[in-house]
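# Provide a 3D model corresponding to the input given below.
(chains A and B)
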Number of protein chains: 2
Amino acid sequence: MAIINENFLKLQAGYLFPEIGRRRRDFEAKNPRVKVISLGIGDVTQPLAAAVVEAMKKAVGEMGRIDTFRGYDDGGVGYEFLRKAIIENDFESRGVRVEPDEVFVSDGGKCDTGNIQEIFGRDNIIAVTDPVYPVYVDSNVMAGRTGAADKKGRYERIVYMPCTAENDFVPELPREPVDIIYLCFPNNPTGAVASKEILAKWVDFARDNKAIILFDAAYEAFISDADIPHSIYEIDGAKEAAIEFRSFSKTAGFTGVRCAFTVVPKQLKAHTKDGRAVEVNPLWHRRHGTKFTGASYISQAGAAAVYTSEGKKQCRQIIEIYMNNAALICESLGKLGYKVYGGVNAPYVWMKTPDGLGSWDFFDRLLQKANVVGTPGAGFGPAGEGYFRLTAFAKPDDVKEAMERFAAV
Amino acid sequence: MAIINENFLKLQAGYLFPEIGRRRRDFEAKNPRVKVISLGIGDVTQPLAAAVVEAMKKAVGEMGRIDTFRGYDDGGVGYEFLRKAIIENDFESRGVRVEPDEVFVSDGGKCDTGNIQEIFGRDNIIAVTDPVYPVYVDSNVMAGRTGAADKKGRYERIVYMPCTAENDFVPELPREPVDIIYLCFPNNPTGAVASKEILAKWVDFARDNKAIILFDAAYEAFISDADIPHSIYEIDGAKEAAIEFRSFSKTAGFTGVRCAFTVVPKQLKAHTKDGRAVEVNPLWHRRHGTKFTGASYISQAGAAAVYTSEGKKQCRQIIEIYMNNAALICESLGKLGYKVYGGVNAPYVWMKTPDGLGSWDFFDRLLQKANVVGTPGAGFGPAGEGYFRLTAFAKPDDVKEAMERFAAV
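I've put the predicted structure just below:
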């Protein structure tokens, strides 16, 4: 008799975004003439950079001719031309040395941050911020690393590190023992960033405790302050303490193209239960090689074009459109008396709900009264209750209109 | 202290194809002037069909304009246009009814067949054929569903079903209890196919035992005999017994493009440990939504073009090139006195090694003497020892030359 993975039954109702989609569709079905503006799900709206389009058209053409056709990406870790461009532009330019066999190209940051836990044992204690990107938690629930959820949705055996206005949305070091720590800066959902000093504190903590940091840097391209690190490897010793996740989804509008990468340093070690040190890089290599076949050649060709001088300029212009949106949201809501956070080094604006409203209540009120969709903070964890996330990824005219509607209600 | 998943340490040395690549590179380094012909790894060589190229170029163009740009594939299960084309052409045309929410589009069959085990509990007994596509086994080893490997490379707690010339490479029903059964027809590596009667026997067995069949139909496009089923759902009751995996990799040369799909029928149920029936479809939906973000829009647009009348004709012509290769291999080796199997309804030719040679010994001899790379049967499991796999995916001139070299040595 085939038995299900009963850990799936512990998962809380629907993944956040499907639930938002459901409520939106219900509203639209009842109000077919109303134009709903979404500042909710973090999907981009600007078209791909011209350099990327050109490179992908060329790649498609190559796939149609026998002498330039490409089959499997050998080894599935990404073409050398892309890994080289990544290393030079994302790391060497910031004084960080990364080797080609430390870079694993993939089809998405969600896949990588969801799958990475597989190479670690079931008994590790996971630490996450609260609020948090749900994938970190749900992938560990599915793997059986947690107990059941309590009424607030917190799973037993996960260490939650609250991030609220009181600590500037930067977590304190945990007081209890933890083995694997998920950090995301610039943060989704709060838009908070971490200085070099803060990251150094975490790297030291991880090294002292033989813990591993899973560092999600999917939003590094939105950093505007010169002294905020883009990579955790800008911190001394971080290659012995952290895996880093990057993505082209937000950097270059690749949510529909699919390309991302993960850096697993060769210096990084985890341990067997009896204390023997084991290199982590070959474990991820084996996982990647066994259950993944490489990102599309066309997507990889497009990703490489992001690093050309034209590509860089064009992607930068797109990011500026989004960051202007973020500035407009912060300014408009500030004027209306809302407390807003983030939005300066990140495409996310995190706001306090008015009148002590619950996150989902504010979601429903905003949808009904202003016909604007946002993301309830509580969807990211109990410490997100009373907060609300707005994203800067909508079209500028829509953001403007949404802000006018906010002002009107 | 971060602890590794110690199940990874049970895995046998290197995944098969990297090992083949290593031996080939070693040989080429020592013999730089020799042209090695590969009939080894199952990668295609013909360029994409013109209809696919055209559709992907159009899709890339759409991604460059704000009014036609597409971000996330909503829900990550595949665009409706593709799922509709799949259902009409792959299933309705053969009298099989599949609903849109039973089809999950992905970026590869390896990913799907590797990841599917996650939704099942750790205590299930897995049954695989021997020889077998290594991903089925390795993904279960990583998940802790097996004990250690013995000297022959067989893992404890996996039920192996030998497939040899003696049983026409079709496994017998297991005599011991099994919960999840991996079947692949047309088979990789043996090229064997299963008749309706054989599949019906397996469907009945699964239903009688509340077991689930994981049916890999990645090579169905190569079936030439009219009475061989292309889908397990052509068998009555199979929707209550099986998940089916399909891929565009070999059907349409998508190994570098990445698109595949999995069918999880809504009728299919597995059980909790205490015997409660649970629908499997929502479990896979949840897994897919949590750890995957959808296949590239460009790849999906290309996949949909495979089902247009031009696309069908062009892909059929490509498949005929490969099947002519297979016929040439079978005929040439047959004339030389080799025992060959498969190659009629499948792109794989499975041959007995001569002189009682071991598979890897024959690999090395073939590489040294004929400068031809194949795949040692033992790489697919101990019952593959003494066999050797040749694929039909090389360029026709290379196949011809390889056969001449076989004849000369």
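# what secondary structure does the nearest residue to A:V193 once chain neighbours are set aside sit in?
Leaving aside its sequence neighbours, A:V193 sits nearest to A:N345 (C-beta to C-beta, 6 or more residues apart in numbering or on different chains; 4.5 Å). In short, each C-beta sits where N, CA and C put it, glycine included. Here A:N345 is coil, with the state taken from DSSP: H, G, I helix; E, B strand; the rest coil.
# who touches A:N345 in this structure?
Applying C-beta atoms under 8 Å, 6 or more residues apart in numbering or on different chains, we find A:N345 in contact with A:186, A:191, A:193, A:222-225, A:228.
# tell me the phi and psi of it?
Backbone torsions of A:N345, given as degrees, to the nearest 10, read phi -110, psi 20.
# does chain B sit close to the strand or helix carrying A:K400?
Using DSSP states H and E, A:K400 sits within helix A:396-408. No - if you take C-beta under 8 Å from any C-beta of the partner chain as the test, helix A:396-408 misses chain B, and the best it gets is 10.9 Å.
# identify each buried residue in that helix, please.
A:398-403, A:406 (16 or more other C-beta atoms under 10 Å in any protein chain shown).
# swap in stretch A:364-375?
For stretch A:364-375, a neighbour-count test (16+ other C-beta under 10 Å) marks A:366-367, A:370-375 as buried.
# give me the contact list for that stretch.
Contacts of stretch A:364-375 (C-beta under 8 Å, 6+ apart): A:16, A:20, A:23-24, A:27, A:31, A:34-41, A:189, A:357, A:362-363, A:388-391, A:402, A:405-406, A:408-409.
# now that stretch, how far from the centre of its chain.
24 Å (C-alpha atoms, centre = their mean, to the nearest Å).
# output it as CSV - backbone C-alpha positions only.
What follows is stretch A:364-375, C-alpha atoms only, in CSV (Å, rounded to 0.1, in the frame of the first residue of the first chain):
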residue,chain,number,x,y,z
ASP,A,364,-10.0,42.7,2.2
ARG,A,365,-10.7,46.4,3.0
LEU,A,366,-8.1,47.6,0.5
LEU,A,367,-9.5,45.3,-2.2
GLN,A,368,-13.1,46.3,-1.5
LYS,A,369,-12.6,50.1,-1.1
ALA,A,370,-9.6,50.9,-3.2
ASN,A,371,-9.6,47.8,-5.5
VAL,A,372,-5.9,47.4,-4.8
VAL,A,373,-4.3,44.1,-4.0
GLY,A,374,-1.4,43.8,-1.6
THR,A,375,0.1,41.0,0.5
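# can you give the domain ranges for chain A?
Dividing chain A into domains by automatic domain parsing, as the record does, gives the ranges A:13-39+A:310-408, A:53-307.
# of these, which is nearest B:T146?
Closest to B:T146 of the domains of chain A is domain A:53-307 (C-beta to C-beta; 14.0 Å).
# gap between the two ends of the closest one?
13 Å (C-alpha to C-alpha, to the nearest Å).
# return the member of the buried residues of helix A:396-408 nearest to chain B.
Closest approach between the buried residues of helix A:396-408 and chain B, by C-beta to the nearest C-beta: A:D398, at 11.8 Å.
# related to what we said a few turns ago, among the contacts of stretch A:364-375, which are in helices?
A:16, A:20, A:23-24, A:27, A:362-363, A:402, A:405-406, A:408 (DSSP state H).
# got CSV for these, with distance to B:F91 and pLDDT too?
Listed next are those as CSV, based on distance: C-beta to C-beta, whole Å; pLDDT from 0 to 100:
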residue, distance to B:F91, pLDDT
A:L16, 33, 77
A:I20, 32, 90
A:R23, 33, 94
A:R24, 32, 94
A:F27, 35, 97
A:F362, 45, 97
A:F363, 39, 96
A:A402, 43, 97
A:R405, 46, 96
A:F406, 48, 92
A:A408, 51, 89
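# that older thread, which of the contacts of stretch A:364-375 are buried? Put it as a ChimeraX command.
Burial among the contacts of stretch A:364-375 is assessed by 16+ other C-beta under 10 Å; the matching ChimeraX selection reads:
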select /A:16,20,23,24,27,36,37,38,39,40,41,189,357,362,363,388,389,390,391,402,406
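# can you give me the helices for the stretch 201-350 of chain A?
A:248-251, A:281-291, A:297-305, A:309-335 (DSSP state H, counting those that start in this stretch).
# can you say which of those helices is packed in most?
Highest mean neighbour count of those: helix A:297-305, a mean of 28 (counted as mean count of other C-beta atoms under 10 Å in any protein chain shown).
# and that helix, anywhere near chain B?
Yes - using C-beta under 8 Å from any C-beta, helix A:297-305 reaches chain B at A:297-299.
# redo the residues you listed as a markdown table? Include pLDDT.
Shown next, in a markdown table, are the residues of helix A:297-305 next to chain B (pLDDT from 0 to 100):
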| residue | pLDDT |
| --- | --- |
| A:Y297 | 98 |
| A:I298 | 98 |
| A:S299 | 98 |
